[in-house]
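> here's a sequence, model it:
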Amino acid sequence: MNQSFDERRDENPASDSLQPASAPQTVRLALPQSAPYATYAIMAVTILVYILQLASQAFLQFDLPVALLAKSNELIRDGQVWRLLTPALVHGGIAHIGFNMYALLVFGIGLERAFGHWRFLILYVLGAFAGNVMSFLFTDAVSVGASTAIFGVIGAELVFLLQNRKLFSHQFGSAIGNVLFIIFVNLFLGLAPSIDNWGHIGGLVGGLMFTSFAGPLWGVEGIPPMLQLTDWREAREVFTGAAVTAVIFVALAVWGLVR
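I've put the predicted structure just below:
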């Protein structure tokens with residue numbers, strides 16, 4: 001992601017009356033280009049779990065990872081609360097995991113470079129948790145898949161664009177339009193009976209909430225030509241955003257357990 005902006009400089013301030021002002025200069029700045037290790041790690045773990053699913057189906061004649069990790073309201077109420085997070089690790093088929101991992105690549109690589117490794121990983125986990133909590137509250141269907149977390153990432157992309165619109169200059173309008181279109185289309189497709197749309201909505205809300213409090217706020221520091229992009233979001237704000245988001249959805253989960 002690049003940022004361009006115009007700055008007007010006079011090469012000879014003492015001769016303003018003799019020379020015209022210098023033309024505006026466009027400077028392009030880039031976000032840090034570190035490798036998206038968190039995205040790759042998430043993909044590796046998810047694919048490994050899917051391989052275990054296939055192996056258990058072949059050798060045990062049933063899907064052991066799904067039996068242990070899927071969202072099941074009855075088992076969650078029996079104390080297996082890890083199922084509010086672990087469904088993001090298991091999938092219902094090759095097309096299911098393939099689509100989710102493709103979406104993670106499309107959105108995750110760029111967003112992780114903007115967020116940093118740990119903040120992106122926190123976002124992913126919170127999106128998965130928020131989505132499964134909403135699914136637990138509003139549907140009794142057993143569900144699996146990383147789409148809860150993927151919707152969290154998409155929600156984070158939306159807030160990131162809004163909070164850093166100056167970074168994208170003339171590209172902002174098309175970028176925000178693309179994200180809104182993707183959200184609308186996928187929520188519409190989620191109306192199908194076999195899709196857990198509450199999980200999608202919860203993940204989206206979790207990503208929106210976390211990023212509103214904890215997403216990066218990139219700004220320009222320095223004077224030309226020594227300019228750089230700096231994240232003005234403080235570490236304590238990231239911690240607070242993660243804590244607030246987690247506490248809200250933990251409270252919702254507790255309410256769902258006791259109601």
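> which helices and strands does the helix or strand encompassing L126 pack with?
Secondary structure assignment for L126, by DSSP states H and E: helix 117-138. Counting contacts by 3 or more Cβ pairs under 8 Å, 6 or more residues apart in numbering; DSSP states H and E, helix 117-138 packs against helix 37-59, helix 94-115, helix 147-163, helix 197-214, helix 235-258. To be clear about C-beta, it is placed using only N, CA and C from the backbone, and glycine gets the same treatment.
> with respect to T86, which of those lies nearest?
Distances from T86 to each of these were compared by Cβ to Cβ, and the smallest falls on helix 37-59, at 9.2 Å.
> pLDDT on the helix holding L126, on average?
Looking at helix 117-138 alone, the average pLDDT works out to 98.
> name the residues of that helix that come out as buried.
Going by neighbour count (16 or more other Cβ atoms under 10 Å), the buried part of helix 117-138 is 117, 119-137.
> what do you get for stretch 240-247?
For stretch 240-247, using 16+ other Cβ under 10 Å, the buried residues are 241-242, 245-246.
> and which of these is nearest L187?
L187 lies nearest to T245 out of the buried residues of stretch 240-247, by Cβ to Cβ, at 20.4 Å.
> mind listing what's buried along stretch 33-51?
Within stretch 33-51, the residues that qualify as buried by neighbour count (16+ other Cβ under 10 Å) are 36, 38-39, 42-43, 46, 49-50.
> name the nearest of the residues you listed relative to F210.
For the buried residues of stretch 33-51, with F210 as the reference and Cβ to Cβ as the criterion, the closest is A38, at 14.8 Å.
> thought that closest one was touching F120?
Yes - under the criterion of Cβ atoms under 8 Å, A38 makes contact with F120 at 4.9 Å.
> touching both of the two, which residues are there?
Residues touching both A38 and F120 (Cβ atoms under 8 Å, 6 or more residues apart in numbering) are 108, 112.
> spatially central residue for this protein, please.
The centroid of the chain falls nearest to V153 when counting by Cα atoms, centre = their mean (1.7 Å).
> list the contacts of it.
If you count contacts by Cβ under 8 Å, 6+ apart, then V153 has 104, 107-108, 111, 123-124, 127, 207 around it.
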